[in-house]
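Asks: output the structure for:
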Amino acid sequence: MHLITKTLIGSVVVGCCLWAANKASANRVASSDIAKQLPNIINQAQRPFSGVVMVKQNNQPVFAYISGDNIDNHSSFLIGSLSKQVTAALVLKAVDDGLIDLHKSVSHYLLKDGNKPRAYVPPSVTVSQLLSHTSGLLTLGEPPVFKPGSQFQYSNYGYALLGDILEVVYQKPIDQLVAQLNQQNKLDGLYAQTGDINSIEATHANFILGNTETLTQSADGSSQSQLIPVELSIDKSMIAFGGMVASVEAYGRFQDALYNGKLLSPKSLALMTSPQATRNHRWGALEYGYGTQISRDEQLVEYSHSGYLPGYVSLAVYYPKSKVSLVILENTSWDLSNRERVFGLHDAIRSSIRNRLAALEDRPVAKLYQASVSAFEDTFAPANTAAKAVE
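Replies: Okay, here's the model as predicted:
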């Protein structure tokens, strides 16, 4: 028995040492490969790139690609539907603060203290259903298009209502709540402001104005691309679902704080990253939690969201096991008549990172380490634990 014990402990120690040494080496190799591959991917894209790509591990930069007039890593962009992740985090923080119950009716909060809601919401719709896009509410003043909770349908209006709820329970405007989140967690660059984007630029020197593309057919049948400065105004309702502003640095810090338990309780973070519904996406069927897309396979767990609005395209991805984050912010909204051309670059960057991380997790030393630990745990498991496992 002592010989077996020593052998197993020796295997674990050797496995741990090999795993630690090789994982450090593999991380360097993975980072190097990402740095080599991503410029080629960007340069070979079907359309130009203007914006910032930032890859971090443990909140430290691994790779950055910056292109465009007056753009740097501190430049801020409208982040579109990445705003929904922030709104979901604010709602779950309110749950932690005892101000919101996810399973209570939306109307309970919208009618609180004599508040006058923007429109009637049926009592059957809950806060949880707004967060998971399963409320069936799609349009202001219209009833749910299906039984609340029965299916998924993406809803900007649902997140606008979440912004209303936050304002009621905190008695503060949504832009102030975003500013408070930014300040308290030292994100240094996440904010919201209503008004025309030119007025935002006037008060925030790092804000980048967006362009929108129009494709036209020339006489010979070829497509001609024309970029036009976008005219866009942000109202209060838009902030919660698509009108927040951030730099890649600030949003990367937000991801790090969120997914490493610095913003929410363990229970609330688990709810945010647990499947509440299934979403049909260009990447295939994805699970959807609260403001977060979830992709799981044998090797990788991935949390993500993307955004598109006139003048801006965005993507944020996080891999919790390796603590790798990807943030892409662009100041051009490409013509949606060819979605592969619009989103193909973002998808290729994501795929490259996924492939490197999957290769890292599949290394033999990692498998040796896991096998050694499993053998050690099996040997020293109490008898009652083994009996429960059989049951």
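Asks: switch to C-alpha atoms for all contacts and neighbour counts from now on
Replies: Will do.
Asks: which regions of the chain lie under the pLDDT threshold?
Replies: Where the chain drops to pLDDT under 70, the residues are 1-35, 361-391.
Asks: try 50 this time
Replies: 1-30, 364-391 (pLDDT under 50).
Asks: what are the ranges of the helices in it?
Replies: 2-43, 83-96, 106-110, 127-131, 156-170, 174-184, 197-203, 236-239, 248-259, 266-272, 339-361, 364-380, 383-390 (DSSP state H).
Asks: how close does Ala202 get to Ser76?
Replies: 13 Å (CA to CA, to the nearest Å).
Asks: typo on my end, it should be Pro123
Replies: Pro123 sits 39 Å away from Ser76, going by CA to CA.
Asks: with neighbour numbers in mind, choose between those two.
Replies: Ser76 (30 against 11; other CA atoms under 10 Å).
Asks: next up, the contacts around the closest residue to that one other than its chain neighbours.
Replies: Among residues not flanking Ser76 along the chain, Ser247 sits closest, at 4.2 Å (CA to CA, 6 or more residues apart in numbering). Neighbouring residues of Ser247 by CA atoms under 8 Å, 6 or more residues apart in numbering: Asn73, His74, Ser75, Ser76, Phe77, Gly189, Leu190, Leu329.
Asks: please repeat the previous calculation with a cut-off of 10 Å.
Replies: By CA atoms under 10 Å, 6 or more residues apart in numbering, Ser247 lies in contact with 52, 72-79, 187-191, 206-208, 253, 327-329.
Asks: again, but for Pro173
Replies: Per CA under 10 Å, 6+ apart, neighbours of Pro173: Gly163, Asp164, Leu166, Glu167, Lys236.
Asks: how does it look with 7 Å?
Replies: Counting by CA atoms under 7 Å, 6 or more residues apart in numbering, Pro173 touches Glu167.
Asks: over to Leu227?
Replies: Going by CA under 7 Å, 6+ apart, the list of residues near Leu227 reads Asn211, Thr212, Glu213, Thr214.
Asks: out of those residues, grab the one that's most surrounded.
Replies: Per-residue neighbour counts (other CA under 10 Å) across the contacts of Leu227 peak at Asn211, which has 21 neighbours.
Asks: verify the contact between that one and Asn331 for me.
Replies: Yes: counting by CA atoms under 7 Å, Asn331 is a contact partner of Asn211 at 6.2 Å.
Asks: overlap in contacts of the two?
Replies: Going by CA under 7 Å, 6+ apart, residues that sit against Asn211 and also against Asn331 are Gly311.
Asks: show me the contacts for Asn331.
Replies: Per CA under 7 Å, 6+ apart, neighbours of Asn331: Ser50, Gly51, Phe77, Ile208, Leu209, Gly210, Asn211, Gly311, Tyr312, Val313.
Asks: 6 Å - rerun?
Replies: Residues near Asn331 by CA atoms under 6 Å, 6 or more residues apart in numbering: Gly210, Gly311, Tyr312.
Asks: filter those residues down to just the ones in strands.
Replies: Counting by DSSP state E, the part of those found in strands is Tyr312.
Asks: dump the contacts of Asn331 into JSON lines; add neighbour count and distance to Ala257 as well.
Replies: Formatted as JSON lines, the contacts of Asn331 follow (neighbours: other CA atoms under 10 Å; distance: CA to CA, whole Å):
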{"residue": "Gly210", "neighbour count": "25", "distance to Ala257": "28"}
{"residue": "Gly311", "neighbour count": "25", "distance to Ala257": "28"}
{"residue": "Tyr312", "neighbour count": "24", "distance to Ala257": "24"}
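Asks: what's the closest of the contacts of Asn331 to Lys267?
Replies: Tyr312 (33.4 Å; CA to CA).
Asks: in the sheet, who's paired with the closest one?
Replies: Under DSSP bridges, the beta-bridge partners of Tyr312 are Leu309.
Asks: ok now do Gln129, which residues does it touch?
Replies: Counted by CA under 6 Å, 6+ apart, Gln129 has contacts Ser135.
Asks: where's it relative to Asp175, distance?
Replies: Gln129 is 23 Å from Asp175, by CA to CA.
Asks: same check on Thr216?
Replies: 38 Å.
Asks: which of these two has more neighbours?
Replies: Between Thr216 and Asp175, Asp175 has the larger neighbour count (other CA under 10 Å), namely 20 against 12.
Asks: spit out the contact partners of the more buried one.
Replies: Asp175 neighbours (CA under 6 Å, 6+ apart): Ala192.
Asks: can you pull the buried residues of stretch 313-322?
Replies: Val313, Ser314, Leu315, Ala316, Val317, Tyr318, Tyr319, Pro320 (16 or more other CA atoms under 10 Å).
Asks: fine by me, thanks again.
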